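J.: The following block contains a protein sequence and its predicted model.
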Amino acid sequence: MGVAEYKRIPVSALREDDMITINGSQRRLCDGLTRRETLQAGALSLLGGAFNLPSLMALEESKHVRPAKAKSVILMYLLGGAPTQDMFDLKPNAPEKIRGEFKPIDTNVSGIQIGELLPKSAEWMHKAAIVRSVNHKAGCHNPLPSYTGHEIALADITSTKDTYAPSMGSVCEFLRPAEKDLPDYIYLPNYAGAGNAGGTVRYPGPYAGFLGKRYDPLFSEFDKTKSKTLGKMKVLDGEPYLSRNTRLADGITLDMLRKRETLLRQFNQKQSKLESGGSLDDVNRIQQRAYSLLTSTKLKSAFDLSKVDAKLRDRYDRTLFGSCALIARRLVEAGTRFVNVTWDYPGDNSWDTHSNNFSWLRGALPTLDLTYSGLLEDLENRGLLDETLVVLMSDMGRTPKVNKNAGRDHWSYAYSVVFAGAGIRGGTVHGASDAHAAYVKNHPVSTSDICATIYHLLGIDPDMKVYDNDRPVSVAHGGRPILEILA
């Protein structure tokens, strides 16, 4: 019987002997149930959410999941196209108009060099791997490939659609156990593009797409008016904060909220007996998530930096990006599985360096260096680095040739991504670009390979299927883990 035919059978028509128990391992699933105990096909439409038939088929197919090296991921995302040939893949022997103004420096691993404005990061090369052969052909300012592995050019990159593939973080949220009181996907400091064009731009990629909005990230908010000047560049200042919708209204106590939640749950249980569609399942999960956010002290504590030691705040750098990275560490320590930290670009705060690339980087790279190395150091000091994967990436790279405005333009045919921490064979470089950092010279790596590597380290099978209606889609879109950088 096909999926479409099964979904049309009313629950009332199913007898006990019609039910099919799906056997498997005792691994606990996303709603806290084991396959062997309760996964009977006759109950699927009542359980809803992640327990519709296609999703159960996906989880059953993924029972060969590899052991997880990483409990959590912190993705540091440089939105706009970082010029990685000025950061991690310098070409000192190229012509002047290609090599740029910066010189390479040695790292603490013999034979590996990075840019001179990243000296603190250079001291962590023994824990990191640089992939210098990343490329895609999905166009510029298109984050969809890097977040999902789905390499597709889009006619509109300023908005997202529910038909797009789900992001890595949304897949983590999809697999989150129901009893967990923290979201497994949090996006800092706000949605991608929040500071661009008055906040009307929502870049595609970080969302749940066809999985459903209930698996979108929890977005924090920030004050766009706060900034400070570093050299000739303004950077966003302040701290991200939780939306007022995650705080209890005046006059409402936790006890009152719990009573209301119990009454609502009873109502929904009665209602679910009358509805077999997925719309109520969506509402139930959203309601459950809202209740968890209102009652979770761990979430609120992670965002409260008021009692953090001043020296630690300084070590991360007191910028919005630095504060987000510190909160990301606190979130993974509390148990969140996937935290995104985006360096967005309101005003001068842009990696889209069509002009004055080098003067802008003289302000941006020292603060990136301080924050990135500070995060690795803090994770190491707390015994978390070996179980936390830190990924530094962008949506594309920049042109090898410097333009007449001393800038670099859009380019996606060769750029670098850096992995560090859990499951990574430190002190490695994979792939290479050509002499001008224009095209991949050897060992090309796709965005789907990047995503597959992250999934692999999280213990999620890159070939696991999720369902776009009845169409099975691999979460990594055919990408393969980069085995050469894995410990």
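T.: Yep, it's here.
J.: give me the low-pLDDT residue ranges for this protein?
T.: For the chain, the stretches flagged by pLDDT under 70 are 1-66, 197-198, 244-296, 346-349.
J.: Have a look at it and report its longest helix.
T.: helix 357-381 (DSSP state H).
J.: Name the residues of it that are buried.
T.: Buried residues in helix 357-381, counted by 16 or more other CB atoms under 10 Å: 357-379. C-beta coordinates here come from the backbone N, C-alpha and C atoms, glycine included.
J.: Could you list the domains of this structure?
T.: 3-61, 72-239+305-461, 242-292 (automatic domain parsing).
J.: ends of the longest one, how far apart?
T.: The reference is to domain 72-239+305-461. 15 Å (CA to CA, to the nearest Å).
J.: Kindly report the same for stretch 167-178.
T.: OK, stretch 167-178 end separation, CA to CA: 20 Å.
J.: what comes up buried for that stretch?
T.: Buried, per 16+ other CB under 10 Å, within stretch 167-178: Ser167, Met168, Gly169, Ser170, Val171, Cys172, Glu173, Phe174, Leu175, Arg176.
J.: From Phe102, how far off is the first one?
T.: When CB to CB, to the nearest Å is the yardstick, Ser167 and Phe102 sit 32 Å from each other.
J.: And for the fifth one?
T.: Taken as CB to CB, the spacing of Val171 relative to Phe102 amounts to 37 Å.
J.: what do you get for Tyr207?
T.: Tyr207 is 35 Å from Phe102, by CB to CB.
J.: More neighbours: those two, which one.
T.: Neighbour comparison, Tyr207 and Phe102: the larger count goes to Tyr207, with 28 against 21 (by other CB atoms under 10 Å).
J.: Leaving out the residues flanking it, which one is nearest to His443?
T.: Closest residue to His443 apart from its sequence neighbours, by CB to CB, 6 or more residues apart in numbering: Gly431 at 3.9 Å.
J.: which other residues reach stretch 371-388?
T.: 69-74, 76, 120-121, 123-124, 127, 312, 315-317, 319, 321-322, 325-326, 328-329, 332-333, 390, 392, 420-422 (CB atoms under 8 Å, 6 or more residues apart in numbering).
J.: what about Lys298, how many residues close to it?
T.: For Lys298, using other CB under 10 Å, the count is 14.
J.: follow-up on the earlier one: how far does the longest helix of the chain sit from the chain's center?
T.: 19 Å (CA atoms, centre = their mean, to the nearest Å).
J.: ok, now stretch 196-206?
T.: The answer for stretch 196-206 is 16 Å, by CA atoms, centre = their mean.
J.: Compute the first-to-last residue distance for that stretch.
T.: 16 Å.
J.: ok, residues contacting it?
T.: 79, 141-148, 154, 157-161, 164, 167, 169-170, 187, 191-193, 217, 224, 340, 344-346, 395.
J.: quick one: the strands in the stretch 301-450 of the chain?
T.: 338-343, 388-394, 397-398, 410-411, 415-421, 428-430, 432-433, 440-442 (DSSP state E, counting those that start in this stretch).
J.: TSV please, covering those and showing mean neighbour count and distance to Lys228.
T.: Output for those, formatted as TSV (neighbours: other CB atoms under 10 Å; distance: least, CB to CB, whole Å):
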stretch	mean neighbour count	distance to Lys228
strand 338-343	27	15
strand 388-394	25	23
strand 397-398	28	25
strand 410-411	18	28
strand 415-421	26	26
strand 428-430	21	35
strand 432-433	20	34
strand 440-442	15	38
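J.: Same list, the ones you listed, but as JSON lines with distance to Lys465 please.
T.: Listed next are the strands of the stretch 301-450 of the chain as JSON lines, based on distance: least, CB to CB, whole Å:
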{"stretch": "strand 338-343", "distance to Lys465": "20"}
{"stretch": "strand 388-394", "distance to Lys465": "23"}
{"stretch": "strand 397-398", "distance to Lys465": "31"}
{"stretch": "strand 410-411", "distance to Lys465": "33"}
{"stretch": "strand 415-421", "distance to Lys465": "25"}
{"stretch": "strand 428-430", "distance to Lys465": "28"}
{"stretch": "strand 432-433", "distance to Lys465": "34"}
{"stretch": "strand 440-442", "distance to Lys465": "29"}
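J.: Run the angle between the longest helix of the chain and strand 388-394 for me.
T.: Helix 357-381 and strand 388-394 are oriented at 170 degrees to each other (axes from the mean of the first three to the mean of the last three CA atoms, to 10 degrees).
J.: Offset the numbering so it begins at 277, please.
T.: Right, with 277 as the first residue, what we last looked at is helix 633-657.
J.: angle of helix 633-657 against strand 691-697?
T.: Going by the same axes, to 10 degrees, helix 633-657 makes 20 degrees with strand 691-697.
J.: ok and helix 633-657 relative to strand 614-619, angle-wise?
T.: Going by the same axes, to 10 degrees, helix 633-657 makes 150 degrees with strand 614-619.
J.: now Ser443: how far from Gly754?
T.: In terms of CB to CB, Ser443 sits 17 Å off from Gly754.
J.: If you could redo that for Lys574, that was the one I meant.
T.: For Lys574 relative to Gly754 (CB to CB), the value is 37 Å.
J.: same check, this time on Arg375
T.: Counting by CB to CB, the gap from Arg375 to Gly754 is 35 Å.
J.: go on, Thr595?
T.: 38 Å.
J.: Wait, Ile462 touches Asn616, no?
T.: Yes - at 7.3 Å, Ile462 counts as touching Asn616 under the criterion of CB atoms under 8 Å.
J.: any shared contact partners between these two?
T.: Counting by CB under 8 Å, 6+ apart, the residues touching both Ile462 and Asn616 are Pro493.
J.: out of the contacts of stretch 472-482, which are buried?
T.: Of the contacts of stretch 472-482, these count as buried by 16+ other CB under 10 Å: 355, 417-424, 430, 433, 436, 440, 443, 445-446, 463, 467-469, 493, 500, 616, 620-622, 671.
J.: Of the residues you listed, which belong to strands?
T.: Tyr463, Asn616 (DSSP state E).
J.: For the residue nearest to Val667 when sequence neighbours are not counted, pull up the helix or strand it's in.
T.: Excluding the flanking residues, the one nearest Val667 by CB to CB, 6+ apart is Leu351, at 5.0 Å. According to DSSP states H and E, Leu351 maps onto strand 348-354.
J.: For the stretch 327-476 of the chain, just list every one of the helices.
T.: 329-337, 372-375, 395-398, 420-424, 444-450 (DSSP state H, counting those that start in this stretch).
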